[in-house]
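1. Structure of the sequence below:
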Amino acid sequence: MRAYIIRRIFLIIPTLFLVTIIVFLTVRLIPGDLIDQLAGEMIEPGGLTKEEIADQIRRDLGLDKPMPIQYLVWLGVLPQNEWGFKTESSVSDLTVKRQESDIGVTDTVKATVTNVGETRSDYEVSLMSNGTTLEAKRIALDIGASELVTFVVSGNTDGTYTVDASGYSDFSGIFQGNLGESLRTERPILGEIISKIPISLELGIIAILTGLLIAFPIGIYSAIRQDSFGDYTGRTIAILFMAVPPFWLATMIWVFPSKWWGWSPDAFYIPLFGEGSNFIGNIRQFIIPGVLMGMVMSGVTMRMTRTMMLEVLRQDYIRTAWSKGLRERVVVLRHALKNAMIPVITIIGLQLPVLIGGTVIMEQIFNLPGMGRYMIDSLGARDYTIISGINVMMASVILLANLLVDLTYAWLDPRIRYR
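-> Numbers count the residues shown, from 1 in each chain. This is a model prediction of the structure:
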C-alpha cells in the first residue's frame with residue numbers, strides 16, 4: 001500500500017505540471033485584454049497615450065516577455081522581473097557607536113541598505129571585521145526601497161567594520177506556494193482564495209450530505225423492493241432530480257415565494273463567524289442552495305446505488321446469508337451495501353471538488369461570495385492570474401480526491417490489494 005501511494009503521488013506531479021501548461025495557455029486565449037481596460041482608466045489630459053500606458057503596465061507586470069519566460073516566472077523557476085540571479089544593492093551611512101562598561105566594549109553598527117536593482121529582492125546583509133563575518137541578517141526590499149540594519153557586537157576592540165549586502169532576485173511562483181497577485185487589485189490571490197474557501201466548503205458540505213441522505217435510502221429501498229410501487233417512485237424521483245435544471249429551481253424560489261407570501265432568501269451574505277456573523281441566519285441562507293444542489297447531485301448517486309445493489313443481491317454469498325436466516329437489515333447493510341459501494345464511491349469522488357469550487361450558478365443566484373462566484377467575476381474582468389490560480393488549486397483538489405477514492409476501494413473490498 002505504501003509503495004502504491006508513493007507512486008501515485010509521483011504521478012500527480014507530472015499531471016499537475018501538464019495542468020499548469022494548459023491553464024497558462026488557455027487563459028491567455030480568452031478574448032479581451034484587461035491591460036487595455038486598465039490603461040483606459042489611467043489616461044490623463046496631456047499625459048501619456050493609452051498605448052504608452054498599456055506598454056508600461058505590461059513591462060511592470062512582466063507581460064512583455066516571451067510566453068515561455070512568463071510561464072517559468074509564474075512557476076517560480078525564473079525571477080520575477082529580470083534574467084540572472086545577482087541583483088544590485090547600495091550600502092551607505094555606516095555608523096559605529098561604542099560603549100564601554102565594566103563587562104567590556106559593545107559596538108552598535110548601523111548601515112542603510114538600498115535596493116538599486118530592477119526587481120524585488122532578498123538580501124543577506126553581513127557585518128565583517130578584518131575579513132571575518134561576524135553576523136548576517138536577511139531582509140527583503142522592494143525596488144528602490146531602503147532599510148536601516150543594526151548589528152550589536154561585544155568584545156571587539158578593533159572597531160573596524162564593513163557591511164556587505166548580497167542580493168538575489170525574488171523567486172516567487174507556484175513552486176514557492178505563491179499563486180500571484182490580482183492584475184486589477186494587486187492583492188495576493190492565495191489570501192483571497194483562503195477567505196472564500198469556507199463559503200464554498202459550507203455550501204458543498206450541505207449539498208453532499210443532502211445528496212447522500214436522499215440517494216442512499218431511496219437507492220437501497222428501490223433495489224430490495226424491485227419493481228414495486230416504491231421502486232418506481234424512487235426511480236421517478238431520481239430521473240426528475242437529474243432532469244430539472246438547478247438554476248430554474250433556484251429562480252423559482254426567488255420569484256414565487258416573494259410573489260405569494262412576500263418572502264425571499266437573504267440578498268446579502270451573512271458570515272458564520274467574525275464581524276456581523278449570525279449563526280442561524282447563515283444556516284438559513286445556505287440551506288436552500290445546499291439542498292437544491294444536493295437534490296441534483298443525488299439523482300446519479302441514487303441510480304448507481306440501486307443498480308449496484310441489485311447486482312450484489314443476486315450473488316451467491318447473499319443467497320447464503322438469506323438461507324442462514326439472517327434478518328433483512330443485516331443482509332442488506334452488512335453484507336450487500338459495502339460491496340456495492342465501490343462504483344458509488346467513484347461517483348461521490350467526482351462530486352468532492354464542489355467542496356472547494358462551489359457552483360457558479362448557485363453562488364451567483366444567492367449572492368454567496370464563494371469560489372465559484374470569484375471565478376466568474378475574474379473571467380468577466382479577464383484577470384489572468386486569478387483564473388490560473390483557481391484552476392491550479394481545483395486541479396490539485398481533484399487529483400487528491402481521486403487518490404482518496406482509489407484508496408477507499410481497498411477498505412471497502414478486502415480482495416483489492418495495491419502493490
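2. What mean pLDDT does the helix or strand in which Gly299 is found get?
-> Element membership for Gly299, per DSSP states H and E: helix 279-313. The average of the pLDDT scores along helix 279-313 is 88.
3. Kindly report the same for stretch 354-371.
-> Mean predicted confidence for stretch 354-371 is 79.
4. Break this structure down into its structural domains.
-> Domain ranges of the chain: 32-78, 86-170, 189-412, per automatic domain parsing.
5. so how far is the first residue of the last one from its last?
-> The first residue of domain 189-412 is 39 Å away from its last residue (Cα to Cα, to the nearest Å).
6. neighbouring contacts of the helix or strand just after the helix holding Gly299?
-> As assigned by DSSP H and E, the chain's next helix or strand after helix 279-313 is helix 316-323. Under the criterion Cβ atoms under 8 Å, 6 or more residues apart in numbering, residues 312, 330-331, 335-336 lie in contact with helix 316-323. No exception for glycine: its C-beta is placed from N, CA and C like everyone else's.
7. Okay, buried residues for helix 316-323 please.
-> Using 16 or more other Cβ atoms under 10 Å as the test for burial, helix 316-323 gives 318, 321.
8. which stretches of the stretch 101-250 of the chain have low pLDDT?
-> 103, 118-120, 156-159, 167-170 (pLDDT under 70).
9. That one: strands as residue ranges?
-> Using DSSP state E, counting those that start in this stretch, the strands found in the stretch 101-250 of the chain span residues 104-115, 121-129, 132-141, 146-154, 162-169.
10. Nearest to Leu190, out of those strands?
-> strand 132-141 (17.4 Å; Cβ to Cβ).
11. Check which helices and strands that closest one sits against.
-> Secondary-structure packing of strand 132-141 (3 or more Cβ pairs under 8 Å, 6 or more residues apart in numbering; DSSP states H and E): strand 104-115, strand 121-129, strand 146-154.
12. and Met128, how many residues sit next to it?
-> 15 (other Cβ atoms under 10 Å).
13. For Ser166, give me its contacts.
-> Ser166 sits next to 86, 89, 123-124, 126 when contact means Cβ under 8 Å, 6+ apart.
14. If you rank those residues by neighbours, which is first?
-> Neighbour-wise, the contacts of Ser166 (other Cβ under 10 Å) top out at Tyr123, 24 neighbours.
15. so that residue makes contact with Arg138?
-> Yes: contact criterion Cβ atoms under 8 Å: Tyr123 and Arg138 qualify, at 7.0 Å.
16. Could you give me the ChimeraX syntax to select whichever of the contacts of helix 316-323 are buried?
-> The ChimeraX command for the buried members of those (criterion: 16+ other Cβ under 10 Å) is given here:
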select :312,331,335,336
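17. Need the worst-confidence member of the contacts of helix 316-323.
-> Lowest pLDDT within those is found at His335 (81).
18. and it, that one's in a strand?
-> No: according to DSSP: H, G, I helix; E, B strand; the rest coil, His335 belongs to no strand; its state is helix.
19. mind checking how far it is from Asp266?
-> His335 sits 46 Å away from Asp266, going by Cβ to Cβ, to the nearest Å.
20. For Phe286, the count of nearby residues, please.
-> Neighbours of Phe286 using other Cβ under 10 Å come to 24.
21. now swap in Glu275 and tell me
-> 5.
22. Ok, Trp254 next?
-> By the criterion of other Cβ under 10 Å, Trp254 has 15 neighbours.
23. one step back: can you tell which of the helices and strands packed on strand 132-141 is closest to Glu44?
-> Judged by Cβ to Cβ, the one of the helices and strands packed on strand 132-141 that comes nearest to Glu44 is strand 104-115, at 28.6 Å.
24. just checking, what packs against the closest one?
-> strand 89-101, strand 121-129, strand 132-141, strand 146-154, strand 162-169.
25. From the chain's centroid, how far away is the longest one?
-> I take that to be strand 89-101. Distance of strand 89-101 from its chain centroid, counting by Cα atoms, centre = their mean, to the nearest Å, is 46 Å.
26. same thing with stretch 104-124?
-> For stretch 104-124, the separation from the chain centroid amounts to 36 Å (computed by Cα atoms, centre = their mean).
27. Now the terminal residues of that stretch, how far apart.
-> Start and end residues of stretch 104-124 are separated by 29 Å (Cα to Cα).
28. Name the nearest of the contacts of Ser166 relative to Arg187.
-> The shortest gap between Arg187 and any of the contacts of Ser166 belongs to Tyr123, at 25.0 Å (Cβ to Cβ).
29. Please tabulate the strands of the stretch 101-250 of the chain in CSV, including the columns distance to Pro289.
-> Compiled in CSV, the strands of the stretch 101-250 of the chain are given as follows (distance: least, Cβ to Cβ, whole Å):
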stretch, distance to Pro289
strand 104-115, 49
strand 121-129, 45
strand 132-141, 43
strand 146-154, 49
strand 162-169, 46
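30. Among those strands, which comes closest to Met371?
-> strand 132-141 (29.9 Å).
31. got a list of what Gln364 touches?
-> 372-373, 376.
32. Return the member of those residues nearest to Val96.
-> Arg373 (57.7 Å).
33. quick check, that closest one in a helix?
-> Yes: the assignment for Arg373 (three-state DSSP) places it in a helix.
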